[in-house]
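Undergrad: Return a 3D structure for these sequence lines:
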Amino acid sequence: MMVSATHTNSDSTLVDIRGVTVRFGKQTVLRNINLSIPRGQTLVLLGESGCGKTVLMKTVIGLVAPTVGEIIYDGRNIAKIGEGELTQLRTRFGFVFQQAALFDSMTIAQNVAFPLRQHTLQSDVEMKRIVSQRLAEVGLPDNVGVKKPAELSGGMRKRVGLARALAMNPEIMLYDEPTTGLDPIMSDVINELILHVRKQYPVTSIVVTHDMHSARKVADRVVMLYPLTRLKKDEPQIIFDGPPSELDRCKDPRVGQFIRGEAGERLMEMREKGLLGS
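TA: Residues are numbered from 1 along each chain as shown. Coordinates of the predicted model:
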């Protein structure tokens, strides 16, 4: 396993995750996570369902508070920022939700303009210009703006969600399962758009995905989490941290099983528990 340094030079680090543990009631989802994310890096979070990937991403932007530990964003501890200032800080984040999370009652143009209306004093003319520009950047024509989300395909809705996330020129982009539910061609369109965003803007990106093709294509760095229920008390939850080119050379069998999609060991466990027939 390749492991990056926990802390990098403060000038290059945008997000510093220090000893973060997250519990919901009696259930611990994340345990003692330490990660530093440099500016401009695209970090892909891998791992099976329930390992805490999305929780970690939400913790980074203050939507989930750590039970233990600190999230340092651009040199500031998020826990010590007031609610009003935290709301303002979140305008520096662009969030692409798994199901796009568009407002059904609004047109596409109104959806993309929503963060601008909420957080800026832009004129209608300026907002219209920005909406048109962002839609063009994700490969959608202007005439899509008058449609409602229900009139678009799943892939088009994902692209609208990306356009909305870009509206405020974010410093950090967060993608929650951006290719889930899409066919291989449209999945690759989304991958190309993630790469395009990185080239066009000086953004730092965190991508949560199960899609190995997507991970290999867009990542500068891959971090793989493992479910705590399957770990011993003193085992680290991060079982891989390195460039995607090292995934196939990783000696940890858990990493190999995941990236190859092999369920043999898990099926054996399920049979032992009587959850499957012999």
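Undergrad: so what's residue 201 up against?
TA: 166, 169, 170 (CB atoms under 8 Å, 6 or more residues apart in numbering). Every residue, glycine included, has its C-beta placed from N, CA and C.
Undergrad: should've said residue 65
TA: The contact partners of residue 65, by CB under 8 Å, 6+ apart, come to 59, 79.
Undergrad: Let me know the secondary structure of it.
TA: coil (DSSP: H, G, I helix; E, B strand; the rest coil).
Undergrad: For residue 208, give its distance to residue 131.
TA: Distance, residue 208 to residue 131, using CB to CB, to the nearest Å: 27 Å.
Undergrad: Then residue 139?
TA: 15 Å.
Undergrad: right, and the helix or strand after the helix ranked longest in the chain?
TA: Assignment by DSSP state H gives helix 184-200 as the longest helix of the chain. As assigned by DSSP states H and E, the chain's next helix or strand after helix 184-200 is strand 204-208.
Undergrad: so what secondary structure elements neighbour that following strand?
TA: strand 27-38, strand 42-46, helix 53-60, strand 172-176, helix 184-200, helix 212-218 (3 or more CB pairs under 8 Å, 6 or more residues apart in numbering; DSSP states H and E).
Undergrad: Contacts only, for the closest residue to residue 155 other than its chain neighbours.
TA: Once flanking residues are discounted, residue 155 sits nearest to residue 186: 3.7 Å by CB to CB, 6 or more residues apart in numbering. Listed by CB under 8 Å, 6+ apart, the contact set of residue 186 reads 154, 155, 158, 179.
Undergrad: Residue 206 bridge partners, please.
TA: Beta bridges link residue 206 to residue 43, residue 174, judged by DSSP bridges.
Undergrad: List the contacts of the closest residue to residue 172 other than its chain neighbours.
TA: Of all residues not flanking residue 172 in the chain, residue 204 sits nearest, at 4.7 Å (CB to CB, 6+ apart). Contact analysis of residue 204 by CB under 8 Å, 6+ apart lists 14, 15, 37, 38, 39, 40, 41, 42, 43, 171, 172, 173.
Undergrad: again, but for residue 183
TA: The neighbourhood of residue 183, defined by CB under 8 Å, 6+ apart, consists of residue 155.
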